[in-house]
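Undergrad: Predicted model and sequence follow; I will ask about them next.
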Amino acid sequence: MDKKLLEILACPLCKSTLIYRQNEQELICKADHLAFPIRDGIPVMLEDDARQLTNEEMDALDNK
Amino acid sequence: MQYLEPNNDYRSSTLRKDTELSADKLKADAEKHYDDCYHDYLFAWCNKENLALHYGYWDKNTKSHHQALINKNQVLYDLANISPTDHVLDAGCGIGGSSIWMAKQHGNQMTAITISRQQTEYAAQHAKRQGVADKTDFQVSDFCATPFQDESFDVIWGLESVCHALNKGEFLKEAFRLLRPGGKIVICDGFITRREFSDDEWQDIVTCLNGWAVPNLCSRDEFTQLLEQKHFSNILYKDITAETLPSADYMFKVAKRLKPVQMLTQWLGLRSKAQTANFKVGIAQHRLFTDQLVEYGIFTAIKP
């Protein structure tokens, strides 16, 4: 994922900064507990296509 | 007489009787429209170089339909006074025609969004083929709820895309947020000349809305007011109806020529609803232009 693009990306719902998870190919919004998928290199930034993060995943993010 | 209210969806009243479409379903419908019609557009309208899903711009030097489609990009680029260093958001990018053109012709860094995942895939493939993959980012996103920080762009570009917004004001509000101070917006679209229509005229209006997957249209004055309400300044409108008419004629002729094929394949059940609706537009859109129910033009404005 392009660095410059990552700098301007935000959650489409709350507009907060996103965390890029390269291995999972996901963009995470901690505030909304959502993971937006990157499919074939194209971010899919729609709420309907986002995955709800589990509590365990949220804890893991907080401990990082 | 029929009255076209702002911010309503008029497609549901005909194709989808008794079904209320939510905003999400509306988006899905526009998405499906372009996915269904991709090969029709490539066959009858654009080619793999221009990838244009818009009306062309015909001036006295224009010799071909393809040239008119490419011209349109340059006209918008010049009117908005875009510079090659500007980071542009192509809001409603389709299969990437304008974004690839800007990246290739002017070297602009492009971010391009559409709600159709399939369109982003096609667009990314075309960008790669045309050697501008590093200058173009395609994303699946709603242009009224984009995934970008405030003040991320120098230019917002909307070429025949804002018509797809149920509420045009919501799009402009988001565009204003995304622009840096001094940033520009350029919007090219069709606008209705009045809101009251006879029953015959109404038929043509609804046929076009259905065929284009457009929920409603607004007038030039209403759009000016919306821009003012959202605090844009230096609002200018350039009427290019005359330069657009040859494209409306072209679409009309294509539809007439393809009519036997359409009738046969429709009868055989080989055409989707969206494809059939898109075909009917060819005839109806021509009457909207010749009866002056719509005008066509380009808005430019600045975020102070």
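TA: Here it is on my side, so go on. As the structure is a prediction and not an experimental result, all values here were calculated from the model.

Undergrad: contacts, neighbours, all on C-alpha from now
TA: OK.

Undergrad: the helices in the stretch 151-300 of chain B, which residues?
TA: Applying DSSP state H, counting those that start in this stretch to the stretch 151-300 of chain B gives helices spanning B:168-178, B:199-212, B:220-229, B:241-267, B:273-290.

Undergrad: go on, chain A?
TA: A:3-8, A:55-62 (DSSP state H).

Undergrad: buried ones in the longest one?
TA: Spelled out, that is helix A:55-62. Within helix A:55-62, no residue is scored as buried using 16 or more other C-alpha atoms under 10 Å in any protein chain shown.

Undergrad: go on, stretch B:195-212?
TA: In stretch B:195-212, counting by 16+ other C-alpha under 10 Å, buried: B:F197, B:E201, B:W202, B:D204, B:I205, B:V206, B:T207, B:C208, B:L209, B:N210, B:G211, B:W212.

Undergrad: Same list, those residues, but as a markdown table with distance to B:E174 please.
TA: Compiled in a markdown table, the buried residues of stretch B:195-212 are given as follows (distance: C-alpha to C-alpha, whole Å):
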| residue | distance to B:E174 |
| --- | --- |
| B:F197 | 31 |
| B:E201 | 33 |
| B:W202 | 31 |
| B:D204 | 31 |
| B:I205 | 28 |
| B:V206 | 28 |
| B:T207 | 29 |
| B:C208 | 27 |
| B:L209 | 24 |
| B:N210 | 26 |
| B:G211 | 27 |
| B:W212 | 23 |
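
Undergrad: Just to check, A:G41 is in contact with A:Q22?
TA: No. Here A:G41 lies out of contact with A:Q22, judged by C-alpha atoms under 8 Å, at a distance of 10.7 Å.

Undergrad: Looking at those two, which has the bigger crowd around it?
TA: A count of neighbours by other C-alpha atoms under 10 Å in any protein chain shown puts A:G41 above the other of A:G41 and A:Q22, at 14 against 10.

Undergrad: Buried residues in the strand or helix carrying B:E121, which are they?
TA: For B:E121, the host element (DSSP states H and E) is helix B:117-129. For helix B:117-129, burial by neighbour count (16+ other C-alpha under 10 Å) applies to B:R117, B:Q118, B:Q119, B:T120, B:E121, B:Y122, B:A123, B:A124, B:H126, B:A127.

Undergrad: Stretch B:291-300 too?
TA: Neighbour-count burial for stretch B:291-300 [16+ other C-alpha under 10 Å]: B:L293, B:V294, B:E295, B:Y296, B:G297, B:I298, B:F299, B:T300.

Undergrad: any idea which of those is the one closest to A:M1?
TA: Set against A:M1, the nearest of the buried residues of stretch B:291-300 by C-alpha to C-alpha is B:T300 (32.1 Å).

Undergrad: Excluding residues flanking it in the chain, which one is nearest the closest one?
TA: B:V186 (4.6 Å; C-alpha to C-alpha, 6 or more residues apart in numbering or on different chains).

Undergrad: and B:T207, what does it touch?
TA: B:T207 makes contacts with B:A277, B:K280, B:V281, B:A284, as judged by C-alpha atoms under 8 Å, 6 or more residues apart in numbering or on different chains.

Undergrad: What is the nearest of the residues you listed to B:Q2?
TA: Of the contacts of B:T207, the one sitting nearest to B:Q2 (C-alpha to C-alpha) turns out to be B:A284, at 16.9 Å.
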